[in-house]
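Trainee: Let me see the structure of the following:
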Amino acid sequence: MRGLFPAILAVALAFGGCAGATTPVVVELFTSEGCSSCPPADEHLFELRRRDDVLALGWHVDYWDWLGWRDRFADPEFSARQRVYARRLGTPVYTPQLVVSGTRQAIGSAKQAIDTAIRQARSTGRPGVVITANWKEEGLLEITLGEGSADNSHLVHIVRFVDEAKTKVEAGENAGRTLRHANIVEAWQTVGTWDGVPAVITVPAVPTSNHAILVQTPGQGAIIGALEVPAP
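Mentor: Residues are numbered from 1 along each chain as shown. Next up, the predicted model:
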């Protein structure tokens, strides 16, 4: 993960909180501008992000770059994130792959399968965590995690992303096409842990960008809490 959030400034501040939060279902699309099968999945991510019950993220992988077109949004660390999911879920590494709530996957353009996976993730009844966030002075983001039920310590991630962008592709499988991308991940970092005890984590962030907060079981397991934080 890129070191764009250099330090955790405050953690583990105890106070009363709420349990059993409803959280949006996180959908993570692993895609590439070098993959001819990906544009329909990229377009579907625009539809998914309009849903109130979904937090959509587009992770661009780098392993298609060798075909002659370097995806400007790709990062080897995003490819590594996908590989961890593939091992956990027992799938090959492929694009476009969409991971739902850290626990299910589908082809990124398979709308019916994706809708089914989202419904299944929504109906698990897994305990969640209430997350709130507030922008502070000098580009600091204060993340508040409520009280909840947790069998073990979960990781708290902050993800920075761009609303949308277009690229005119000049080589590779999509040569000559202009591609649209939604909620493009630029960077992510683990900034703390949550074990059911209320906590506050304050981190440097980029106030001109959107961010997502994810609370996830270690080893890229189930995402039990999520919050989208727009730029102020």
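
Trainee: in its sheet, what does the helix or strand where residue 132 lies sit against?
Mentor: Residue 132 belongs to strand 131-136 when assigned by DSSP states H and E. In the sheet, strand 131-136 lines up against strand 140-145 (antiparallel) (DSSP bridges).

Trainee: Need the residues that contact the partner strand.
Mentor: Identification of contacts with strand 140-145 by C-beta atoms under 8 Å, 6 or more residues apart in numbering yields 9, 17, 129-136, 156, 158, 191-192, 194, 198-205, 211, 213, 215, 225, 229. Using the backbone N, CA and C atoms, a C-beta is placed for each residue, glycine as well.

Trainee: Return the subset of these lying in strands.
Mentor: Using DSSP state E, 131-136, 156, 158, 191-192, 194, 199-204, 211, 213, 215, 225, 229 are the members of the contacts of strand 140-145 that sit in strands.

Trainee: And residue 139, its phi and psi?
Mentor: phi 70, psi 40 (degrees, to the nearest 10).

Trainee: can I assume residue 103 is in contact with residue 224?
Mentor: No. Between residue 103 and residue 224 there is no contact under C-beta atoms under 8 Å: 10.3 Å.

Trainee: In terms of neighbours, single out the busier of these two.
Mentor: residue 224 (23 against 19; other C-beta atoms under 10 Å).

Trainee: Tell me which residues touch the more buried one, please.
Mentor: Taking C-beta under 8 Å, 6+ apart, one finds 23, 126, 127, 128, 129, 150, 154, 215, 216, 217 in contact with residue 224.

Trainee: if I pick the residue minimising distance to the centre of the chain, what's in contact with it?
Mentor: The centre of the chain sits closest to residue 57, judged by C-alpha atoms, centre = their mean, with a distance of 4.7 Å. Contacts for residue 57 (C-beta under 8 Å, 6+ apart) come out as 26, 27, 28, 29, 159, 161, 183, 185, 212.

Trainee: Please list only the buried members of those.
Mentor: Buried subset of the contacts of residue 57 (neighbour count, 16 or more other C-beta atoms under 10 Å): 26, 27, 28, 29, 159, 161, 183, 185, 212.

Trainee: which residues does the last one contact?
Mentor: Contacts of residue 212 were listed using C-beta under 8 Å, 6+ apart, and they are 26, 55, 57, 158, 159, 161, 226, 227, 228, 229.

Trainee: Please apply the same query to the third one.
Mentor: For residue 28, the contact set (C-beta under 8 Å, 6+ apart) comprises 57, 59, 85, 98, 99, 100.

Trainee: Check the closest residue to residue 32 other than its chain neighbours and give its pLDDT.
Mentor: Spatial nearest neighbour of residue 32, excluding adjacent residues (C-beta to C-beta, 6 or more residues apart in numbering): residue 64 at 4.0 Å. If you check residue 64, the pLDDT there is 96.

Trainee: Would you confirm that residue 64 contacts residue 37?
Mentor: No. The pair residue 64 / residue 37 is not scored as a contact, 10.4 Å apart, by C-beta under 8 Å.

Trainee: Are there residues contacting both of these two? Which ones?
Mentor: Residues touching both residue 64 and residue 37 by C-beta under 8 Å, 6+ apart: residue 95.

Trainee: ok, back up a step: need the buried ones from the contacts of residue 224 selected in PyMOL.
Mentor: Restricted to buried positions by 16+ other C-beta under 10 Å, the PyMOL selection for the contacts of residue 224 reads:
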select buried, resi 23+126+127+128+129+150+154+215+216+217
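
Trainee: shaky segments in the chain?
Mentor: Across the chain, the ranges flagged by pLDDT under 70 are 1-22, 125-127.

Trainee: Do you have the helices of the protein handy? List them.
Mentor: For the chain, the helices defined by DSSP state H occupy 39-49, 76-89, 111-122.
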